[in-house]
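Chemist: Got a predicted model here, sequence first, then my questions.
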Amino acid sequence: MVALGGAIFGIGSCRGWDAQSGFSHNVSATSSIRFLPEPDIDEPGVKGRHGADASSRWYYWKLPPDQVTWYSRLFVWVCYISHQLFVWIVIYNLQQEKAKRGMDYTPSLNKYNYYFFGINVFFHLLHLLQTHTTYDSTAQDVSIASSQCSVIIMLTFIMLMEYRNRGMVFGWPTLAHKDKVSNFLRLNYGPINILKRYHGYLCAWACVYTFWYHPMENTWGHVLGFAHTWILLLQGSLMMTQVHLNRYWRLLLETWFCLHAGVVAAQNSGPEQLGTKLWPMFVFGTLLLYTVTHIFSLPFWTKIHFAFRFAPVTVLLAVCIYMYSWIPDANGRPWVRMREIINIPAIYYVDVLLAWWLLYVFLKIEGWIMGRQEQKSPPMGVKFVYLLLAFCMYGIFTAISLGLQLYDVTMMLLLTSLILTAVLTVLASVKFMFLRRAFGEPPGVASPPNSYVPDVELKTVKPVV
């Protein structure tokens with residue numbers, strides 16, 4: 001990760017790249033040669049540079065239209081699709097071997113770990129080469145909202161998967177809470193168990209999709225983003241090892257977003273403080289999510305009094321009160337913007353509940369239609385059809401994003417993101433059901449009330465060699 005970041009900064013610096021953001025376009029030495037300026041002034045009839053929220057919908061780090069060629073487009077799409085297929089093939093073969101002979105989490109690496117890691121190293125180097133040859137990534141062809149949504153969906157599904165161990169808020173409710181309210185409000189674990197089995201396909205897609213959306217530009221926002229996809233793909237490389245289950249490591253994977261989102265928001269904020277700097281919403285919004293939910297993955301919280309769980313969010317709110325006492329809105333008023341810290345957590349919690357509800361309903365429908373008869377793994381032809389249908393869900397999402405970009409739909413970025421997030425949540429949930437059929441799970445197996453598959457508790461984790 002450090003070597004990759006150094007290469008991105010080093011090679012970019014040697015080439016004189018200094019496009020830190022669209023707001024530095026006119027003072028940068030090379031930006032006016034490489035890119036178009038941000039569309040702060042409406043340009044009627046110019047694709048992607050007019051209409052509602054054009055400056056937010058326009059991705060700055062991409063070639064001007066007159067420099068785009070069929071080759072620059074084809075090259076990056078071949079790279080993306082190849083990367084995607086290879087990591088999925090490794091995950092599928094590992095699951096097949098696990099089903100045949102049984103595999104447990106071990107302190108050592110297996111051959112699939114090496115395959116997955118080698119594939120990702122190769123495509124990281126290829127992406128660096130591609131950036132410094134044809135430059136453009138898939139940003140030229142798909143909506144910027146789709147890249148954001150891929151990460152949001154991955155993190156919300158991870159939140160749902162972690163629900164078994166930490167509940168939804170302040171480590172509640174889990175099976176350790178026996179009161180009537182907890183028993184009534186606790187989500188059924190059936191959908192969570194599906195995620196535990198098949199989350200690798202979703203996480204691999206989200207990482208690879210957003211990885212190929214961005215060029216390897218030498219800005220802190222880009223480098224921290226690539227660092228995030230790198231450690232997430234490294235987590236995939238460690239599948240079926242004990243490190244893959246380590247809760248401290250898993251917490252880092254989730255909360256890296258706090259750092260990355262804050263830096264990107266600061267990088268892309270306007271030159272004035274009044275209402276244009278979005279970093280407070282992203283920094284404090286993601287930290288609110290962290291202090292209310294994420295941090296309770298750690299096992300030590302169960303060993304101390306419940307009251308201590310409110311300490312982190314109390315400190316955060318005290319910091320927010322101070323910061324928003326001088327952070328102004330567009331009219332120069334302090335305090336007013338403090339309500340924005342709930343925006344990001346609200347989106348995540350709503351999407352988590354939507355994902356759970358969809359999977360729960362699909363499981364119920366499956367049980368009603370097919371009963372609970374025992375089912376073996378389907379024939380290869382049937383399995384192939386189910387797998388094809390499962391991965392077509394991502395194709396549908398990509399086609400929608402391509403259409404938004406091709407027809408230059410001029411919705412506000414926030415609205416586009418919310419719509420795409422909802423659509424992708426539905427498609428991903430359908431995909432999980434197709435994967436269940438492909439691997440021959442009996443109907444209803446994942447859905448008995450409060451069915452629970454505990455994580456492996458790790459007393460010690462030996463180094464992986």
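Modeler: Done, it's in.

Chemist: So in this protein, where's the weakest helix or strand by average pLDDT?
Modeler: None of the helices or strands of the chain scores lower by mean pLDDT, DSSP states H and E than helix 54-57, at a mean of 84.

Chemist: Contacts for that one, please.
Modeler: By Cβ atoms under 8 Å, 6 or more residues apart in numbering, the residues outside helix 54-57 that reach it are 22, 38-40, 42-43, 48, 143-145, 410, 412-413, 416. Any C-beta I mention is one placed from the backbone N, CA and C, and that applies to glycine too.

Chemist: can you give me the offset of that helix from its chain's centre?
Modeler: 21 Å (Cα atoms, centre = their mean, to the nearest Å).

Chemist: next helix or strand past it?
Modeler: helix 70-101 (DSSP states H and E).

Chemist: What does the pLDDT read for residue 40?
Modeler: We have a pLDDT of 82 for residue 40.

Chemist: do the one 10 residues further on as well
Modeler: As predicted, residue 50 sits at a pLDDT of 87.

Chemist: What does it show for phi and psi?
Modeler: phi -150, psi 170 (degrees, to the nearest 10).

Chemist: what's near enough to touch it?
Modeler: Contacts of residue 50 by Cβ under 8 Å, 6+ apart are 39, 42-44, 410.

Chemist: if we can go back for a sec, any of the contacts of helix 54-57 buried? List them.
Modeler: 22, 38-39, 48, 143-145, 413, 416 (16 or more other Cβ atoms under 10 Å).

Chemist: between the residues you listed, which is nearest residue 81?
Modeler: residue 143 (18.1 Å; Cβ to Cβ).

Chemist: quick one: that closest one and residue 408 touch, right?
Modeler: No: if you go by Cβ atoms under 8 Å, residue 143 and residue 408 don't touch, sitting 10.1 Å apart.

Chemist: number of nearby residues for residue 31?
Modeler: If you count neighbours by other Cβ atoms under 10 Å, residue 31 ends up with 21.

Chemist: Could you check the pLDDT of it?
Modeler: 91.

Chemist: With residue 344 instead?
Modeler: Per-residue pLDDT puts residue 344 at 92.

Chemist: With the one 3 residues further on instead?
Modeler: At residue 347 the predicted local confidence, pLDDT, stands at 92.

Chemist: got it, and residue 104?
Modeler: Note for residue 104: predicted pLDDT of 85.

Chemist: Wasn't it part of a helix?
Modeler: No: looking at residue 104 with DSSP: H, G, I helix; E, B strand; the rest coil, it is coil, so not inside a helix.

Chemist: What about it? Give its phi and psi, please.
Modeler: phi -120, psi 160.

Chemist: Can you tell me how far it is from residue 189?
Modeler: Per Cβ to Cβ, to the nearest Å, residue 104 is found 21 Å from residue 189.

Chemist: Settle it for me: which of these two has more neighbours?
Modeler: residue 189 (21 against 8).
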